[in-house]
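Enquirer: Below is the sequence, then the predicted model.
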Amino acid sequence: MSIDIEAANRDLGHDAEGLVKWALSQGLPAICTTNFRPFEAVILHMVTRVQPDIPIVWMDTGYNTPATYEFADSVSRQLELNRTIYLPLRSRAHREAVEGPAPALDDPRHEAFTREVKLEPFERALNEMNPGLWFTALRASDTDNRAGMQPISRNQDGIIKVAPLLHWSSKDLYDYLVAHDLPNNFDYVDPTKGEANRECGLHLQH
Ligand SMILES: Nc1ncnc2c1ncn2[C@@H]1O[C@H](COP(=O)(O)OS(=O)(=O)O)[C@@H](OP(=O)(O)O)[C@H]1O
């Protein structure tokens, strides 16, 4: 039976938990990516309530704050996440010894840096896990590109990408954390993005 994405977007577009249940009932191998940015416990809690052992994929660029590493471990323990970490092929120490600190956004080396620390590890994760369904916590307010998205789409790899929280506000996310007694992490930076309302390329290419 073919999957009717259009009907699901129409019927469930603003119902985050309904989207998660609909997606996981399609019988496809699923993953959820996370970077442990602010409010990330919401998506992690929501997907694991329906499928406790769903693979959680984190590309650790090597450039997270100590608070993000602590948060990643404590929320993984609290939710008993089935987490797999994908690391770049070269360590941060190695890269910095020969190339120096992370290049700024306007540095011509920035694109290669992003490919090395985030895109290649993600493509390796896709090759190894071969998911048919991919949950992310993208939000319409993140970037102009995301403002034009639907919560469910099929990406260029043929994977059904689901963003259950696409239409949620920060207040909605905050209220969910409080209601479920979940932690938060605001001490977060991503050297591939520089600014929060930028795309690093992961969601433009996949
Ligand atoms: N490092 C890393 N590891 C795993 N997953 C990651 C990573 N970076 C981005 N993502 C996925 O992309 C979602 C949006 O993240 P960002 O806007 O912060 O960054 S990006 O520009 O898309 O890379 C992000 O959404 P969240 O689910 O909110 O984490 C993830 O699904």
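Expert: Arrived safely, thanks for sending. Numbering: from 1, shown residues only.
Enquirer: where does this protein dip in pLDDT?
Expert: Scanning the chain for pLDDT under 70 picks out 1.
Enquirer: So what touches the lengthiest helix in it?
Expert: Scanning the chain for the helix with the most residues, using DSSP state H, yields helix 66-78. Helix 66-78 has contacts (Cβ atoms under 8 Å, 6 or more residues apart in numbering) with 36, 40-41, 44, 56, 58, 60, 64, 81, 83, 182-183, 185, 187-188. For every residue, glycine as well, the C-beta is placed using N, CA and C.
Enquirer: rerun that using 7 Å as the cut-off
Expert: Contacts with helix 66-78, where a contact means Cβ atoms under 7 Å, 6 or more residues apart in numbering, come from Phe36, Ala41, Leu44, Trp58, Arg83, Pro183, Asn185, Asp187, Tyr188.
Enquirer: Which one of those is nearest to the ligand?
Expert: Nearest to the ligand among the contacts of helix 66-78: Trp58, at 4.8 Å, using Cβ to the nearest ligand atom.
Enquirer: would that closest one count as being in a strand?
Expert: Yes: secondary structure of Trp58 (DSSP: H, G, I helix; E, B strand; the rest coil): part of a strand.
Enquirer: List the beta-bridge partners for it.
Expert: Taking DSSP bridges, one obtains Ile85 as the residues bridged to Trp58.
Enquirer: doesn't Leu87 make contact with it?
Expert: No: if you go by Cβ atoms under 7 Å, Trp58 and Leu87 don't touch, sitting 9.6 Å apart.
Enquirer: the more surrounded of those two?
Expert: Ranked by neighbour count (other Cβ atoms under 10 Å), Trp58 and Leu87 place Trp58 first, with 22 against 15.
Enquirer: Which element, helix or strand, includes His94?
Expert: Assessed by DSSP states H and E, His94 sits inside helix 92-99.
Enquirer: Helices of the protein, residue ranges please.
Expert: Here the chain has its helices, by DSSP H, at 5-12, 16-24, 40-50, 66-78, 92-99, 110-114, 120-129, 144-147, 170-179, 202-205.
Enquirer: tell me which residues in the helix holding His94 are buried?
Expert: Arg92, Arg95 (16 or more other Cβ atoms under 10 Å).
Enquirer: and that helix with the ligand, contact?
Expert: No: between helix 92-99 and the ligand, judged by Cβ under 6 Å from any ligand atom, nothing touches; the nearest distance is 13.5 Å.
Enquirer: Understood, closing this out.
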